[in-house]
Structure formats: C-alpha cells, structure tokens
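**Student:** please find the sequence and the predicted model below.
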Amino acid sequence: MMDIRIWTFLIVGLSFVLYIAIAIYCRAGTTKEFYVAGGGVHPVVNGMATAADWMSAASFISMAGLISFMGYDGAVYLMGWTGGYVLLALCLAPYLRKFGKFTVPDFIGDRYYSQTARTVAVVCAIFVSFTYVAGQMRGVGVVFSRFLEVDITTGVILGMAIVFFYAVLGGMKGITYTQVAQYCVLMMAYLVPAIFISIMITGHVIPQVGFGATLADGSGVHLLDKLDGLSAELGFAAYTSGTKSTMDVLFITAALMVGTAGLPHVIVRFFTVPKVKDARKSAGWALIFIAVLYTTAPAVAGFARLNMINTINGADSQGTEYTEAPMWVTNWEKTGLIGWEDKNDDGRMFYSGDERNEMHIDRDIMVLANPEIANLPAWVIALVAAGGVAAALSTSAGLLLVISTSISHDLLKRNLMPKISDKLELRFARGAAAVAVCIAGYLGINPPGFVAQVVAFAFGLAASSFFPAIILGIFYKRMNKYGAIWGMVSGIVFTAAYIVYFKFINPAASVPENWWLGVSPEGIGTLGMLVNFAVAAVVCHLTPEPPQDVQDMVESIRYPQGAGDAQVH
Amino acid sequence: MAFHSKELAKAYWRENVKLLLSLLFVWALVSFGFGIVFVDALNQIQFFGFKLGFWFAQQGSIYTFVVLIFVYVYKMNRLDEKYDVQED
C-alpha cells in the first residue's frame, strides 16, 4: 500500500512540476496571447491541446465506468462526444476563424449587431462554463482523496492552486502548451492499463481488437458474449442491448453532439490557429487524439465489468468470502464509494441486478480501480491517478479562461468600459480568473452531483443556446438580432426549466412515463435546440432584415481568403 | 470582394453546402442510423466478434467521423483553389 502512495506522490508531483515549468516558460504578455495564444499555434499542437481541453474528468474517470454499467447505452457518450467534432469542423470552425475575433460572444455580438445579443451570449457562456467546471472539480476531489489519501477539501485546494498558477499566469498561451503535456500524461495513463488488461483477458495487445476477441482462458467464448451471458444470469439487461428507448438514445446523442459543437471553451480553440485551413485541419487532429481514448474506453468498460464481476462473485458465481475480499474492495470502501451489506448472512459478497445483490458500487470508480482489480503494478495505478488529475486540470484551465475572458473582454471591454487599456484589461482578465478559481474550488468541495451527469447538462444548455445562433449566423444571411436573441433565450430557458424540474424540484417524477416524448433531461437539449431554431425563424421574419454591412460580413466569412490574424479591435 | 463575380461567390457557396450536406448525411447515417435506429437489424450480423450494430455504436461511428473530417479538409482545399479564394 505504501508503495502505491510513494509512486503516486512521485508521478503526480513530477507532472505538476512539468506543467508549472511550461506555464512559466510560455507566460502571456499581451491580451492577445492571453486570449488566443497570439493566434500562432500549429494545427497538430492545437489539435492535441483541444483534445486535452476536451477530455475532462468525466471522459477520463467516469465515462468507461458509465459504459461498464450501461452496456450498449453508453454509446450515447461515445458518439455524442465525438460526433460533435464533425459539426464543429464542417459548420463552425473555419467560419469563426475567418471572422477572426476572440470569443463566441464577440461573434454573436457583431453578427447580430447588438449589445443585448452579446450580453445574452456572455451570460450563457458563463453559465455553461460554471456548470461544466463544477463537474471537473468533483473529479479532482475523487482522485486526490483516494490516491493521496488526503481529504477531498485539501485535494481540491491543491488542484485549484495549480490551475490558478498556470491559467492566471499563462493565459491561453500557457494553457495550450501545458495541455499538450497533459494530453501525453492522460493518454499514457489511459492506454497502459488498458493494454495490460487486454493482454490479460484476451491476449490481444490492442484493446479495440481485444474487445471483440475471444477470452484467453481457452473457453473460446467471445468477451461480449460472455458479458451478455453473465448479465442474463445476474439479472441485468444484456450488455450489448441496453435499456434506454431508441428515442431517448437518439435525443441524448444529438444533444451531446450539438452541445460539443456549441461549447465556448472548445470553439475558442479554433481562434488560436494561424489560418482557416488550419482551423479545419485542427478539428480533424483533435478528433484523432480524442478517438484514441474514446475507442479504448468501451473496451476498458467491458474488461472492467468482467473483472469486477469475477472478483466479487468468484469464478464459481457463488460469491467471495468478505474476509478474503481483494485489497481494492477494502481500499475503496474507505472512500464510501463501495459498500457491502450481507443480506443473506453468508459472509460472502455477491453482485447482481436483482434481489440477490449485496453490493453498492459507485460508477465513478471503475477506471481508477480497474488497475487494482486487475492486480497491475503500483506504478500503473499511480500513473492513472496522474492521468485523472491531468484530465481534470486541463479542462478546468480551459473553462476558467473562457470565464475570465467573458468577464474581462466581453463584459468589461466590449460592454461596460470600452476605453480600458490592453494592460488593464489583462489585469482584469487575471483577476476574473482568480475569482473563478475560487468559485470552482467551492463547487468542488461541495459538489452538486455525479461528474458525468452534471457535465451532461452543460451540453444541453450549450446545444440549446449557442449552436443555433452560430449556425444561423453563418448559413442564413437573413437571420437578424431579434430572431437570434429570442431563439437563444427561449432555447436555454426551456432546457434549463426541464432539467431543473426533473432533477431538482421533482426528481421523483423523472421516469420515462412523465418525460415529453420519452426524452430524458439528458437529451432535452436537442428539443431546446429545435425550439431555438423555430423561435428564431419565426421572429426573424416578423422583424426587419439585418443591415447591409452585416450581410456583407456574412458573405466574407464564407471563404478563407484574407483571414488575417485574430483581430484586436 | 475576393471573388471575380457574384455568380462565382454563389457557385462556391453552393458547392460548399453540397459537400457539407453529403458528408453530414454519412455522419448521421453511421451514428443515428447504423448505431441507433437500425442497431437491432445490424446486430444480426457478426463482425470480428462484435455484433455489427453494437460495433458501429461504440467503435465504427468514431472511426468514420475522423475520416469524414479529413475528406472535408481535402475537398475544401481543392474547392478553395478552384475558385482562387485560398489563403496566401
């Protein structure tokens, strides 16, 4: 046990030193460096940073765990969180890069020639980012409390101090290069145990292949068939078919895809490359880097499920004596994320989907516990801890930057105090980042719920507010400010109301029978988006068309030539 | 105006939108189609140890997405050159 702790301190500590060193080396001197890294980031580097920014604590820690418990239904996360990049690359990134300002509210404000539209966009951006960052901080807390054996509060404060240091100092420039390092750490942390376990279970080095292969125990049974068999035996839904209705799966997937394309901290990434061509390519590279983790995750989920059931229920499916419980069970019991209640007083643990079940297992622990379940060496377990921290930190840093930019640039510079100097604006940006870090830290210590669940709401909100406004702004010249504003407001209010009602006011009513069209709160962002589109289309035809110079601007963002640097106004 | 005429600008945009829609059709087909709506039918087919529908939902659609973006990058660069609106 001591061994794991030393390794964890060593590896996590070394990774922190690396991030901070990069931050000092690349610190930002101007607002342009702070907001968009000076606009000179190579597309492959940018793709890697985008991937790290993108792959949050939810992707790293929770996703494989969720899939492991959801089976086929987990595909909503896999397709949802990757498919959005296609929308981003094809419909948004190149045009926004050509537009050449710093932020999403900048685009909304200029395209819809309105301070109101800009303000609505700023409020949406801050709201979405805080929802999202709250999920990340909980992730940091889980990792620290288990692996550094400090309480969650200390862990979160430690994490916040690190983020504070390099986000506030380095701005986008520091963050971009730190994220490249974080990508490497988190990928290694994900792939090494996955490969180990794939070899142990199926004899294949590549987890994506092992996922479909036969088991290495000589039985000749395919992994997935084995899981389906175990599920049936233990009273779970078959692993490869899931339990959600087709309608709900469709809506959740669509909400996550569209939400991905509408998230301000992802979009802003495409302002940092030198050319429109690079913005297109950059999205492709980002997706490659993301796909490495996202195609491994379902394999990890399958392996973890088999391993977990086998160690708890024993090879003969009679249950394992609690007194002989493996180390990982007792370790995680201390954090309260695993619980055992001996219902039939036989002293054996048993896990199933029916009344025989005696185990409570939190889905968030699967990735972190996986190497322990598989008895991998201590340094692998420590590496996973460093990976989890890297994932959470890289995403929070990106989000904090969006929040601070929204405040110093969109709210102060472009709205309230247009005359402030570059230097003062930079100081405000750093101040805002500092405040945001503290709020995020508070949310991490008092977490509002499951990591992935909270994050899923941020997507619904982004899908129902930004995405339609940006798409219409590029592809529909006739769209005017009234349509855009009313669309955004009705979309986000509709979505937020549905989520708040079913998740906070009346959670007991949140069953498929009560949902509109059978759509769960996770998938409602898709409906919110349609509401936004519909309202925008109706309102814009009842009101005057946009002025000529705005229409000319729309014309000019539609082709790449003449895209200069990201503009300072 | 970077285009030599309004007609050229329109033609460029039309080709662009056509390319977008055809790629987005494939995007929707592999994810919403193969991965969700037709998943039960495709699950009757075995594919390297996977049920095909399940494979599309958890693996295949993601590989397709990557390919789609690079096809788009390649085709758009060609289109930009055809209309002479590429960056310097």
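**Tutor:** The structure has been received and is ready for your questions. Residues are numbered from 1 along each chain as shown, chains lettered A, B, ... in the order given.

**Student:** residue A:127 is in what secondary structure piece?
**Tutor:** Assigned by DSSP states H and E, residue A:127 belongs to helix A:115-147.

**Student:** can you list the buried residues in that helix?
**Tutor:** Buried residues in helix A:115-147, counted by 16 or more other CB atoms under 10 Å in any protein chain shown: A:117-147. For glycine as for every other residue, the C-beta is placed from the backbone atoms N, C-alpha and C.

**Student:** how far is it from where the chain is centred?
**Tutor:** 10 Å (CA atoms, centre = their mean, to the nearest Å).

**Student:** what average pLDDT does that helix get?
**Tutor:** What helix A:115-147 shows for mean pLDDT is 78.

**Student:** any idea which helix or strand comes after it?
**Tutor:** That would be, after helix A:115-147 and using DSSP H and E, helix A:152-202.

**Student:** now that next one: average pLDDT?
**Tutor:** Mean predicted lDDT for helix A:152-202 stands at 84.

**Student:** quickly check: the next helix or strand after it near chain B or not.
**Tutor:** Downstream of helix A:152-202, the next assigned helix or strand under DSSP H and E is helix A:207-210. Yes - residues of helix A:207-210 contacting chain B under CB under 8 Å from any CB of the partner chain: A:208-209.

**Student:** which residues of the stretch 251-400 of chain A fall in strands?
**Tutor:** Applying DSSP state E, counting those that start in this stretch to the stretch 251-400 of chain A gives strands spanning A:320-321, A:338-340, A:348-349, A:359-361.

**Student:** please identify the deepest-packed of these.
**Tutor:** Highest mean neighbour count of those: strand A:348-349, a mean of 21 (counted as mean count of other CB atoms under 10 Å in any protein chain shown).

**Student:** shaky segments in chain B?
**Tutor:** For chain B, applying pLDDT under 70 flags the ranges B:1, B:88.

**Student:** the residue nearest in space to the middle of it sits in which helix or strand?
**Tutor:** Nearest to the mean C-alpha position of chain B, by CA atoms, centre = their mean, lies residue B:23 at 2.4 Å. Assigned by DSSP H and E, residue B:23 falls within helix B:6-28.

**Student:** ok, residue A:513 next?
**Tutor:** Per DSSP H and E, there is no helix or strand for residue A:513.

**Student:** next one: it from chain B, what distance?
**Tutor:** Taking CB to the nearest CB, to the nearest Å as the measure, residue A:513 falls 22 Å from chain B.

**Student:** which element is the residue lying closest to residue A:468 once chain neighbours are set aside on?
**Tutor:** Leaving aside its sequence neighbours, residue A:468 sits nearest to residue A:532 (CB to CB, 6 or more residues apart in numbering or on different chains; 4.2 Å). Assigned by DSSP H and E, residue A:532 belongs to helix A:524-542.

**Student:** work out the gap between that helix and the centre of the chain.
**Tutor:** 26 Å.

**Student:** residues contacting that helix, please?
**Tutor:** Outside of helix A:524-542, the residues within contact range by CB atoms under 8 Å, 6 or more residues apart in numbering or on different chains are A:251-252, A:254-255, A:258-259, A:459-465, A:467-469, A:472, A:478-480, A:482-484, A:486-488, A:490-492, A:494-495, A:498-499, A:516-517, A:519.

**Student:** those residues in helices, which ones?
**Tutor:** Of those, the ones assigned to helices by DSSP state H are A:251-252, A:254-255, A:258-259, A:459-465, A:467-469, A:472, A:482-484, A:486-488, A:490-492, A:494-495, A:498-499.

**Student:** where do the helices sit along the stretch 351-500 of chain A?
**Tutor:** Along the stretch 351-500 of chain A, counting by DSSP state H, counting those that start in this stretch, helices occupy A:366-373, A:378-405, A:422-445, A:451-475, A:481-500.

**Student:** as JSON lines, those helices with mean neighbour count would be great.
**Tutor:** Converted to JSON lines, the helices of the stretch 351-500 of chain A look like this (neighbours: other CB atoms under 10 Å in any protein chain shown):
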{"stretch": "helix A:366-373", "mean neighbour count": "25"}
{"stretch": "helix A:378-405", "mean neighbour count": "28"}
{"stretch": "helix A:422-445", "mean neighbour count": "19"}
{"stretch": "helix A:451-475", "mean neighbour count": "27"}
{"stretch": "helix A:481-500", "mean neighbour count": "22"}
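
**Student:** rewinding a little: what pLDDT, on average, does the helix holding residue A:532 get?
**Tutor:** 94.

**Student:** residues in contact with the nearest residue to residue A:555 once chain neighbours are set aside?
**Tutor:** Spatial nearest neighbour of residue A:555, chain neighbours left out: residue B:9 (6.9 Å); criterion: CB to CB, 6+ apart. Residue B:9 makes contact with A:555, A:558-559, B:1, B:3 under the criterion CB under 8 Å, 6+ apart.

**Student:** helix, strand or coil for residue A:61?
**Tutor:** helix (DSSP: H, G, I helix; E, B strand; the rest coil).

**Student:** ok, now the one 4 residues further on?
**Tutor:** Using three-state DSSP, the secondary structure recorded for residue A:65 is helix.

**Student:** now do the contacts for it.
**Tutor:** A:301, A:304, A:363-367.

**Student:** and the helix holding residue A:532, what's buried?
**Tutor:** A:524-533, A:535-537, A:539-540.

**Student:** residues of the stretch 251-400 of chain A that sit close to chain B?
**Tutor:** A:253-254, A:257, A:275-277, A:280-281, A:283-284, A:287-288, A:291, A:294-295, A:298.

**Student:** buried subset of those?
**Tutor:** Among these, those classed as buried by 16+ other CB under 10 Å are A:253-254, A:257, A:275-277, A:280-281, A:283-284, A:287-288, A:291, A:294-295, A:298.

**Student:** I'd like the next helix or strand past the helix or strand of chain A at the bottom of the mean pLDDT ranking.
**Tutor:** When the helices and strands of chain A are compared on mean pLDDT, DSSP states H and E, helix A:31-36 comes out lowest with a mean of 75. Next along the chain after helix A:31-36, taking DSSP H and E as the criterion, comes helix A:43-54.

**Student:** how about the helices of chain B, start to end?
**Tutor:** Going by DSSP H, chain B shows helices at B:6-28, B:39-42, B:52-55, B:61-82.

**Student:** what's the most buried one of these?
**Tutor:** helix B:52-55 (a mean of 24).

**Student:** ok, residues contacting that helix?
**Tutor:** Contacts of helix B:52-55 (CB under 8 Å, 6+ apart): A:72, A:75, A:212, A:224, A:240, B:34-35, B:38-48.

**Student:** just the buried ones from those, in ChimeraX syntax?
**Tutor:** Listed next is the ChimeraX selection for buried residues among the contacts of helix B:52-55, using 16+ other CB under 10 Å:
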select /A:72,75,212,224,240 /B:34,35,39,42,43,47
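
**Student:** shouldn't the residue nearest to the centre of chain B be in contact with residue B:72?
**Tutor:** Yes - counting by CB atoms under 8 Å, residue B:23 does reach residue B:72; the two are 5.7 Å apart.

**Student:** quickly list what's touching both of those two.
**Tutor:** residue A:90.

**Student:** for residue A:301, see how far away the residue nearest to residue A:363 when sequence neighbours are not counted is.
**Tutor:** Spatial nearest neighbour of residue A:363, excluding adjacent residues (CB to CB, 6+ apart): residue A:65 at 4.3 Å. Distance, residue A:65 to residue A:301, by CB to CB, to the nearest Å: 7 Å.

**Student:** overlap in contacts of these two?
**Tutor:** Common contacts of residue A:65 and residue A:301 (CB under 8 Å, 6+ apart): residue A:366.

**Student:** which residues does residue 80 contact?
**Tutor:** No chain specified, so I'll use chain A. Residues in contact with residue A:80 (CB under 8 Å, 6+ apart) are A:252-257, A:259-260, A:459.

**Student:** sorry, I should have been clearer: chain B.
**Tutor:** So residue B:80 contacts A:277, A:559-561, B:86-87 (CB under 8 Å, 6+ apart).
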